[in-house]
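Visitor: predicted model and sequence below, questions to follow.
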Amino acid sequence: MRHLAPTRPFALVLLVVAALTVWAVVGFGSGTPVHADDSGPLVATSICEAHELRALAEEQPDLTIEIPKEFDTPWPTREACLSYEAADDPEAPGPLQPIPFSHKHHAGLYEIDCQYCHSGTDRSRAAGVPSVELCMGCHSQFPAAYDAEFEGIRTLKEHWENREPIEWVQLHRLPEHVKFQHRAHVRAGFECQECHGNVEEMDKMYVTEDTIWWPWGLPAAKLEMGWCIDCHRNNGASQDCLVCHY
Ligand code: HEC
Ligand code: HEC
Ligand code: HEC
Ligand code: HEC
Ligand code: HEC
């Protein structure tokens, strides 16, 4: 667990960069924008909008759409656009973050290992959130289209230039009087999903509801004492007060 193999994420990023190079050579940015009038075709005003118009035109073949050359590119992908929007949805559960970061996109679609970004889970109490530097390891290689399309990428790069950490809103936090170590649990063989839900399907991160019930029928909310003890009981782990409390 301690030595992570970052091969897969980097291989993926290389793939993206290679595809981008091909696309740049094949003729990105050689067009001029076209403006719509009321009766004319639907004209895309961004790359993400172009993806949506194309999808719409597929459903409605008699619809006329126009994609100005500068927005006619597969990068950023439609998936990136959709995930960004969903992570930025104020109605979705969980707090809005300084950058609409999608786990579904990074951990789900691109299969980046949880511990590549949360490398503290096997070492310390805190799993930790990744540094700006780690994000930039990939994002500094992406073309300007990403900066233009996503405000969050501009925010990321501003923090990088100013050497400022991103102030992510913390979701899971136990009170000081409780002892908790990721290490013991990860080593006991529990998947992250056991306690955090299907993170790889979440665009916007939130604390999942719990399904564990006490044998006598009381619901145990996640991160509360009953939730910890219920699992300890079911797995033969200690229920001694001083195991969890100082
Ligand atoms: C291992 C490489 C890698 C790392 C590390 C990485 N990203 Fe990404 N990121 C990607 C790829 C690949 C895409 C999407 C490319 C596409 O589909 O167009 C992406 C897309 C995004 C997007 C747009 C979609 C979304 O999730 O909203 C944002 C914003 C983003 N990244 C922010 C971050 C931040 C913040 C970090 C650090 C916490 C980070 N990324 C770390 C590879 C990475
Ligand atoms: C046995 C349940 C359990 C498992 C398994 C688990 N976590 Fe956690 N996680 C928690 C609890 C409880 C907290 C709150 C810890 C605290 O407040 O000290 C937490 C906090 C976090 C945090 C908050 C950031 C911080 O400051 O530490 C992250 C990130 C995290 N976990 C990621 C992971 C990842 C990645 C995995 C899988 C490698 C994982 N967790 C496995 C229970 C678990
Ligand atoms: C590309 C980097 C990246 C990957 C891969 C990643 N995460 Fe995260 N994770 C983040 C960032 C950035 C945050 C803080 C922003 C947020 O909450 O969305 C975060 C937040 C979290 C939190 C909430 C922390 C808190 O404040 O309580 C948990 C839990 C978590 N991640 C679990 C996981 C699990 C499980 C996986 C694998 C399925 C995973 N992460 C994969 C970057 C990543
Ligand atoms: C998914 C099941 C599960 C949940 C939920 C869980 N635990 Fe555990 N915990 C275990 C198991 C199993 C062990 C025994 C691991 C071992 O002996 O290697 C353990 C061990 C521990 C230990 C001893 C670690 C050590 O270093 O010896 C502490 C402390 C602990 N858990 C605290 C907590 C707290 C606090 C919570 C709730 C916030 C919690 N656990 C939630 C399954 C769980
Ligand atoms: C498996 C871990 C675990 C064990 C064992 C455990 N606790 Fe707790 N306890 C917790 C957690 C986690 C919290 C914090 C719950 C929260 O913030 O809602 C907590 C909170 C408390 C609180 C504070 C309640 C409050 O409202 O803030 C008291 C008092 C307490 N525990 C007493 C005990 C006693 C007495 C025992 C032994 C009989 C015990 N605990 C055993 C995990 C544990």
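Guide: Nice, I can see it. Ligands and ions are numbered 1, 2, ... in the order given.

Visitor: just give the nearest non-adjacent residue to residue 193, would you?
Guide: Closest residue in space to residue 193, ignoring its immediate chain neighbours: residue 199 at 6.6 Å, by C-beta to C-beta, 6 or more residues apart in numbering. Quick note: C-beta positions are derived from backbone N, CA and C, even for glycine.

Visitor: same question for residue 98.
Guide: residue 166 (5.5 Å).

Visitor: surely that neighbour forms part of a helix?
Guide: No - Residue 166: not assigned to a helix; according to DSSP: H, G, I helix; E, B strand; the rest coil it is coil.

Visitor: can you pull out the low-pLDDT segments for the chain?
Guide: 1-39, 122-127, 211-220 (pLDDT under 70).

Visitor: ok, which stretches of it are helices?
Guide: For the chain, the helices defined by DSSP state H occupy 7-25, 47-59, 78-87, 103, 114-117, 132-139, 144-149, 151-161, 182-187, 192-196, 225-234, 241-244.

Visitor: pick the most deeply packed of the ones you listed.
Guide: By mean neighbour count, with neighbours taken as mean count of other C-beta atoms under 10 Å, helix 103 ranks first of the helices of the chain at a mean of 22.

Visitor: roughly how far is that one from the heart of the chain?
Guide: A distance of 2 Å separates the centroid of the chain from that of helix 103, by C-alpha atoms, centre = their mean, to the nearest Å.

Visitor: can you check stretch 99-107 too?
Guide: 1 Å.

Visitor: ok, stretch 180-194 next?
Guide: 21 Å.

Visitor: next one: stretch 184-203
Guide: The answer for stretch 184-203 is 15 Å, by C-alpha atoms, centre = their mean.

Visitor: that one and ligand 3 in contact?
Guide: Yes - for a cut-off given as C-beta under 6 Å from any ligand atom, stretch 184-203 has contacts with ligand 3, namely 192, 196, 199, 200.

Visitor: identify the residue nearest the last one in space, chain neighbours excluded?
Guide: This means residue 200. residue 108 (4.0 Å).

Visitor: what residues does this structure have near ligand 1?
Guide: 9, 13, 16, 75-77, 79-80, 83-84, 87, 99-102, 105-106, 110, 112, 130, 134-135, 137-139, 150, 152-153, 156.

Visitor: could I get the residues of stretch 184-203 next to ligand 3 as TSV with distance to residue 58?
Guide: Formatted as TSV, those follow (distance: C-beta to C-beta, whole Å):
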residue	distance to residue 58
192	37
196	36
199	31
200	27
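
Visitor: contacts with ligand 2 among these, please.
Guide: Counting by C-beta under 6 Å from any ligand atom, the members of the residues of stretch 184-203 next to ligand 3 near ligand 2 are 192, 196.

Visitor: what parts of the chain come near ligand 4?
Guide: Taking C-beta under 6 Å from any ligand atom as the measure of proximity, the chain contacts ligand 4 at 174, 178-181, 184-185, 188, 190, 194-195, 223, 227-228, 231-232, 235, 237, 243-244.
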